[in-house]
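Novice: 3D, please:
(one chain, ligands or ions: 4)
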Amino acid sequence: REPYVVTSKGHTAVAINAAAKAGEWIKSRQGLVKELNTKTSAQDLVTEVDKGVEQMIRRLILTHYPDHAILGEEGVSPGAAAATAALEEAREHEYLWIVDPVDGTTNFVHGFPFYCVSIALVIRGELTVGVIYDPIRDEMFVAEKGKGAYMHGVPTAVSTEDVFGDSLIAMGFPPDREFAQPVNMAGLQSILPQIRGIRAGGSAALHLAYVAAGRVDGYWEVGLSPWDCAAGVLLVLESGGRITDTLGRPYDIGTRHIVASNGHIHEYLVSSLKNAEATGYKL
Ligand code: IPD
Ligand code: CA
Ligand code: CA
Ligand code: CA
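Specialist: Residues are numbered from 1 along each chain as shown. Ligands and ions are numbered 1, 2, ... in the order given. I've put the predicted structure just below:
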């Protein structure tokens, strides 16, 4: 593949450059973590790299756009309630950047090479730019509202698979075990027998990028936060895919229970989750 050249301008170029710098930093620290702490549970990890990278991304954005608002995972108190409250406050701003400095912290900590940087820009409530960078594979996924989605200049497209039985589906296991585990088990039990295979790589954002790139046909997860999804959602939409919540309702940046797909198999995923009462909503 040709070396990556940033041809975008403005907001998108700022997002790409920040993601590239952040990714390099994260990759250089794999296996060298100094401070490993937990947040809401023993499975909810944070390191000095998550915090440092978020600070760097903030600085880079604010250098260009000092009056823009930034919602970053490590700037918010742990837990779903705090995330919802922070989003409610943040979404009042005309220009809102949503940043996940390391999506896949558990993978990063273990040296499992599947993690990324996720940066989105929401302008007046509308997802406008989404950038996801995987520093291990050097894959930069970029989406701009109404202008398509690209990976290193080549348009990305969702898969054309329309047979649920031939589909490869990704899912995720969020750290909030008490909430997510029963829901996940019920969803898995319902969906796995119907399809070709399940993948759970441990990075919500990268799974969304993989739906956009046609590498999996669909993905679902309950209990996510805005920074896990925002950039990936735009990538999927601009690659021709579909995004809803687990009940099949339209996506909003506050949606926590998410289904992404190539569109063709979407209803199968949603109805399987509904039938199994595995939507994350109390039915
Ligand atoms: C997590 C990852 C993981 C998903 C969790 C997320 P983090 O984000 O995306 O795949 O299952 O729900 O919280 O904490 O590594 O940024
Ligand atoms: Ca986290
Ligand atoms: Ca995340
Ligand atoms: Ca994170």
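
Novice: looking at this, A157 is in a helix?
Specialist: No. Checked against DSSP: H, G, I helix; E, B strand; the rest coil, A157 lies outside a helix; its state is coil.

Novice: how close does it sit to ligand 3?
Specialist: Distance, A157 to ligand 3, using Cβ to the ion, to the nearest Å: 25 Å. Backbone N, C-alpha and C define where each C-beta goes, glycine included.

Novice: how about the nearest residue to the residue of the stretch 1-150 of the chain found nearest ligand 3, chain neighbours excluded?
Specialist: As assessed by Cβ to the ion, ligand 3 sits closest to D103 within the stretch 1-150 of the chain, at 3.9 Å. Nearest non-adjacent residue to D103, counting by Cβ to Cβ, 6 or more residues apart in numbering: A205, 4.1 Å away.

Novice: the one you found: what's it in contact with?
Specialist: Contacts for A205 were tallied using Cβ atoms under 8 Å, 6 or more residues apart in numbering; they are 100, 103-104, 116, 118, 132, 228-229, 231-232.

Novice: OK, contacts around G187?
Specialist: Contacts of G187 by Cβ under 8 Å, 6+ apart are 171, 220, 222, 272-273, 276, 278.

Novice: ends of stretch 30-44, how far apart?
Specialist: Distance across stretch 30-44, first residue to last, is 18 Å (Cα to Cα, to the nearest Å).

Novice: got it, and stretch 38-58?
Specialist: End-to-end distance for stretch 38-58: 23 Å, by Cα to Cα.

Novice: same deal with stretch 160-169?
Specialist: End-to-end distance for stretch 160-169: 14 Å, by Cα to Cα.

Novice: still on that earlier bit, and the residue nearest to D103, what helix or strand is that in?
Specialist: Applying DSSP states H and E as the criterion places A205 in helix 204-212.
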